[in-house]
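# can't give you the sequence, but here's the structure:
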């Protein structure tokens, strides 16, 4: 794990150096180390920053480790920078994706159980955050994450939207900056004929959704079968991410 952490740190450090990112020389932890701790927390400690900070301290991974509260403030201050890194890596993955096929889906992020919604202090109460997860047949209070991934399961784009937004609306929050001639496979929840025609006409992107039984645009059974197989790729990616040890 130490070797992997060092490799990730070198990537962050070199990227920040390449874009000429400026920092205060008096800082005892640079932004590359902050992003490294966040990565370790997500990958190995189910998102618990305190455990990741303790690991970095005990293993000697970082010469100086901030307290949790100060770490959180530093992390929030560089969220745009982290998003920029994600998009840059995503652009590289798109260049190497010779199949030109992508898969799009969403998953919910619950802030609390329904019975505790009124006591939630993370975000102001609003019906906009009341969502429904059709696959699990349950309601939730929080956000939806819209994701586009390669057929190998590597995310290249994402967007965070309120939980009440359906997939066809949430899709419009994505950059949709896919290469010319790409094929974007999604389930029937993303059905939007106008958006489908516009993407094909203006961007030459094939927005290929699984057709509903009452769809106005019928397709052969073999295409539906193929798209259902491709959709399982991103669903399996979500399952692995939710069971990180």
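That came through, no problem. None of the values given here were measured: they were computed from a predicted structure. Numbers count the residues shown, from 1 in each chain.

# Look through the chain and tell me its longest helix.
For the chain, the longest helix by residue count, based on DSSP state H, is helix 221-242.

# From residue 165, how far off is residue 207?
Relative to residue 165, residue 207 is positioned 18 Å away (Cβ to Cβ, to the nearest Å). C-betas here are computed from N, CA, C, even on glycine.

# other SSEs contacting the longest helix of the chain?
strand 101-112, strand 138-150, strand 183-186 (3 or more Cβ pairs under 8 Å, 6 or more residues apart in numbering; DSSP states H and E).

# just to revisit the earlier point, higher neighbour count, residue 207 and residue 165?
Using other Cβ atoms under 10 Å as the criterion, residue 207 and residue 165 rank with residue 207 on top: 24 against 20.

# Can you classify that one by secondary structure?
Put simply, residue 207 is strand when judged by DSSP: H, G, I helix; E, B strand; the rest coil.

# now residue 61, nearest residue through space, not along the chain?
Of all residues not flanking residue 61 in the chain, residue 5 sits nearest, at 5.9 Å (Cβ to Cβ, 6 or more residues apart in numbering).

# which residues sit against the helix or strand harbouring that neighbour?
Per DSSP states H and E: residue 5 is located in helix 2-18. Helix 2-18 is contacted by residues 30-33, 35-36, 39-40, 59, 61, 81, 85, 88 when judged by Cβ atoms under 8 Å, 6 or more residues apart in numbering.

# Would you format those as a markdown table with distance to residue 46, neighbour count and pLDDT included?
Rendered in a markdown table, the data for the contacts of helix 2-18 read as follows (distance: Cβ to Cβ, whole Å; neighbours: other Cβ atoms under 10 Å; pLDDT from 0 to 100):
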| residue | distance to residue 46 | neighbour count | pLDDT |
| --- | --- | --- | --- |
| 30 | 25 | 19 | 94 |
| 31 | 23 | 20 | 95 |
| 32 | 23 | 19 | 95 |
| 33 | 21 | 23 | 96 |
| 35 | 18 | 23 | 96 |
| 36 | 17 | 24 | 95 |
| 39 | 13 | 18 | 93 |
| 40 | 11 | 23 | 94 |
| 59 | 18 | 12 | 90 |
| 61 | 19 | 19 | 90 |
| 81 | 24 | 17 | 94 |
| 85 | 22 | 16 | 94 |
| 88 | 26 | 12 | 93 |
